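Q: fold the following for me, if possible:
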Amino acid sequence: TNHKKMKSIIKKSEGILRAEIRLTQSKTVRSYTDETDTSKQLAVLLENSQKIFLATFVRVVPFGAFHKKDTAIEIIQREVKNMTVRRRMLRLVALVPEKKSLLAAQKALNYRRIDDVMKTFAEIDVSPITISKRHDVKHLPSLYSYFDAN
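A: Residues are numbered from 1 along each chain as shown. Purely as a prediction, here's the structure:
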């Protein structure tokens, strides 16, 4: 496509987010359904597709608003009273830019109860993924605030 047509396409798609989850392994499919027949598996997966999508999506994009690293650290220090959880949260915030991935940072943190840490991030509405120094944006609301509550 030419440049003008591309600009038009971009303008029309502004504000639209598209995300896709593919369950490619049979082990993953079995974790969501007890059925053995493929057609029955599909029926169960279609029925529960929104729940399955969100369960997977939350692992990739955590709950919470995005802040600059310094601001996120301030909020964590001010809001989290449990010293152990606070220390783990601060370490995770430091690891994410270093490891370039939330999953890799969680693995590097090497903490069995990572879900508790992520739950605490959600409770204080802060994402462990921070905004880069290079960007002019200082704050982005949580991505989940844009979802319909259907």
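
Q: measure the residue nearest the centre of the chain to residue 6 for me?
A: Residue closest to the average C-alpha location in the chain (CA atoms, centre = their mean): residue 61, at 1.0 Å. Distance of residue 61 to residue 6, given as CB to CB, to the nearest Å: 27 Å. For the C-beta atoms, the positions are set from N, CA and C on the backbone; glycine is no exception.

Q: just the residues contacting the longest helix belonging to the chain, thanks.
A: Longest helix in the chain, counting residues (DSSP state H): helix 83-99. Residues outside helix 83-99 that contact it (CB atoms under 8 Å, 6 or more residues apart in numbering) are 69, 72-73, 76-77, 80, 102, 105-106, 108-109, 111, 116-117, 120-121, 128-130, 132.

Q: do the same with stretch 112-127
A: Identification of contacts with stretch 112-127 by CB under 8 Å, 6+ apart yields 62-67, 72, 75-76, 79-80, 82, 85, 88-89, 92, 106, 109, 111, 128, 142.

Q: same check on stretch 45-65?
A: So stretch 45-65 is contacted by 19, 21, 23, 29, 32-33, 102-103, 118, 121-122, 124-129, 139-144 (CB under 8 Å, 6+ apart).

Q: helix, strand or coil for residue 28?
A: When classified by DSSP: H, G, I helix; E, B strand; the rest coil, residue 28 comes out as helix.

Q: give me the neighbour count for it.
A: A count of nearby residues for residue 28, using other CB atoms under 10 Å, gives 13.

Q: let me know the pLDDT of it.
A: Listed pLDDT for residue 28 reads 85.

Q: how much space separates it from residue 20?
A: The value you get for residue 28 to residue 20, if CB to CB is used, is 15 Å.
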